[in-house]
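Novice: turn this into a model:
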Amino acid sequence: MTGYAIFLCALWALAAAGLARHCALIARQITYVTLADGRRQQRNLPIILRLLLPLAPNLTPFFRKPAFTRLRVGLERRLVAAGFEGLLTSEEFLALRVLCFVFIAPLWVLFVWTSLGRDPAWFVLKLRPALLALGVFWAFFYPGMWLRRALEERHKSIRRSLPFVLDLLTLSIEAGMDFMTAMQRNAERSRIDALGEELIRVIREIQIGKTRREALRDLARRVDLAELRSVTNALVQADELGVSIGAVLRIQADQMRQQRFDRAERLANQAPVKMLFPLMFFIFPAVFLILLGPIMVRLIQQGF
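Specialist: As a prediction, the model looks like this:
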């Protein structure tokens, strides 16, 4: 090997080491969002998006054009509902979709072509176009799939903690507290989860001058969850009609608990259907091999 080739190999090794170190530093970084009361809450972005996010400002001016207004508004609502307000804008998200496609798709095509290109087997030749199409499809739609999954997880967290929070608010109001004091007490003494973050924001909005009805309506619009929208609509109507908020909260808590029970029962009824595929294709063949495997081996050894 000549000195020039050794020099090039050393440069490639140095570049690879630098890239690996950069990826390791990005992976160790922790991203935060600032809550309404000034506290910081951790938000995890995928490492692929964190690596490409510094390149997003190069494309964000293009997505600020009026042609993308409707798309930006929808994405902004989904990002806020998923809890990434202030951390990721709609323009940056659109830029990340393009960057994922530009960077990941060529790498996937190169990997599949080099790893499977030397195998002349017919099934590899048939499988290669499907793998290429699957990788390109995933590279373009991965940010959207991640955002959808993050939004579902946040909605699931809110749906899980909502009946318990309503019970605490009901007990506090029936013990003599007003609605604002009960929400503040719940936000201060409970663990900060997705619903707690939203309640903290409602409290701060009311403190800076927004009416309780407007803050509750903004909460329902921001989170975009049917169960929470039902609760906020009931509270707004109770405030307008002068009905006791404690009674309304108790009714809503009972309804949320019943809906959670119905949801659990529905998921339990779906379990046998979901277990059918692994049962037919994995468990039955394994049992068949365990029971009849020794017999088949013995028959083969005896010449049958």
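Novice: in the stretch 51-200 of the chain, which spans are helices?
Specialist: Listed in chain order, the helices found in the stretch 51-200 of the chain under DSSP state H, counting those that start in this stretch are 69-81, 90-116, 122-174, 179-189, 194-207.
Novice: out of those helices, deepest packed?
Specialist: Among the helices of the stretch 51-200 of the chain, ranked by average contacts under mean count of other C-beta atoms under 10 Å, first place goes to helix 194-207 (a mean of 20). Glycine gets a C-beta too; all of them are placed from N, C-alpha and C.
Novice: can you list the domains in the protein?
Specialist: Residue ranges for each domain of the chain read 3-152, 157-261, as given by automatic domain parsing.
Novice: got those as JSON lines, with distance to Ala268 and mean pLDDT columns?
Specialist: Formatted as JSON lines, those follow (distance: least, C-beta to C-beta, whole Å; pLDDT from 0 to 100):
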{"stretch": "domain 3-152", "distance to Ala268": "20", "mean pLDDT": "80"}
{"stretch": "domain 157-261", "distance to Ala268": "11", "mean pLDDT": "85"}
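Novice: nearest to Ile290, of the ones you listed?
Specialist: The closest approach between Ile290 and any of these, judged by C-beta to C-beta, belongs to domain 3-152 at 29.0 Å.
Novice: how far off centre is stretch 168-180?
Specialist: Using C-alpha atoms, centre = their mean, to the nearest Å, we find the averaged C-alpha position of stretch 168-180 to lie 33 Å away from the chain's own average C-alpha position.
Novice: and it, C-alpha only, in PDB?
Specialist: As requested, C-alpha coordinates have been extracted for stretch 168-180 and formatted as PDB (Å, rounded to 0.1, in the frame of the first residue of the first chain):
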ATOM      1  CA  LEU A 168     -59.000  15.000  43.500                       C
ATOM      2  CA  LEU A 169     -60.600  18.200  42.200                       C
ATOM      3  CA  THR A 170     -64.100  17.000  43.300                       C
ATOM      4  CA  LEU A 171     -62.900  16.200  46.800                       C
ATOM      5  CA  SER A 172     -61.000  19.500  47.100                       C
ATOM      6  CA  ILE A 173     -64.100  21.500  45.900                       C
ATOM      7  CA  GLU A 174     -66.500  19.600  48.200                       C
ATOM      8  CA  ALA A 175     -64.000  20.300  51.100                       C
ATOM      9  CA  GLY A 176     -64.500  24.000  50.600                       C
ATOM     10  CA  MET A 177     -61.800  25.100  48.000                       C
ATOM     11  CA  ASP A 178     -62.600  27.100  45.000                       C
ATOM     12  CA  PHE A 179     -61.800  25.700  41.500                       C
ATOM     13  CA  MET A 180     -58.600  27.700  41.000                       C
END
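Novice: mind listing what Trp138 touches?
Specialist: Neighbour list for Trp138: 104, 108 [criterion: C-beta atoms under 8 Å, 6 or more residues apart in numbering].
Novice: I meant Arg201, not that one.
Specialist: Arg201 makes contact with 35-36, 219, 222 under the criterion C-beta under 8 Å, 6+ apart.
Novice: from memory Phe93 sits against Val80, does it?
Specialist: No. Using C-beta atoms under 8 Å as the test, Phe93 is too far from Val80 to be in contact (11.8 Å).
Novice: sorry, back to before: how about the domains of the chain in a markdown table, adding distance to Gln270?
Specialist: Below are the domains of the chain laid out as a markdown table (distance: least, C-beta to C-beta, whole Å):
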| stretch | distance to Gln270 |
| --- | --- |
| domain 3-152 | 17 |
| domain 157-261 | 15 |
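Novice: out of those, nearest to Lys274?
Specialist: Lys274 sits nearest to domain 3-152 of all the domains of the chain, at 17.4 Å, using C-beta to C-beta.
Novice: before we move on, back to that, to Leu267, which of the domains of the chain lies closest?
Specialist: Evaluated with C-beta to C-beta, the domains of the chain place domain 157-261 nearest to Leu267, the distance being 10.7 Å.
Novice: please name the residues that touch Leu55.
Specialist: Each residue near Leu55 by C-beta under 8 Å, 6+ apart is listed here: 95, 99.
Novice: kindly recompute the last result at 6 Å.
Specialist: With C-beta atoms under 6 Å, 6 or more residues apart in numbering as the criterion, the residues that contact Leu55 are Leu99.
Novice: got TSV for the helices of the stretch 51-200 of the chain, with distance to Trp12 too?
Specialist: Supplementary listing: the helices of the stretch 51-200 of the chain in TSV, determined by distance: least, C-beta to C-beta, whole Å:
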stretch	distance to Trp12
helix 69-81	39
helix 90-116	16
helix 122-174	24
helix 179-189	54
helix 194-207	46
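Novice: of those, which is nearest Gln255?
Specialist: Using C-beta to C-beta and comparing the helices of the stretch 51-200 of the chain, the one that lies nearest Gln255 is helix 122-174, at 8.9 Å.
Novice: fine, thanks again, bye for now.
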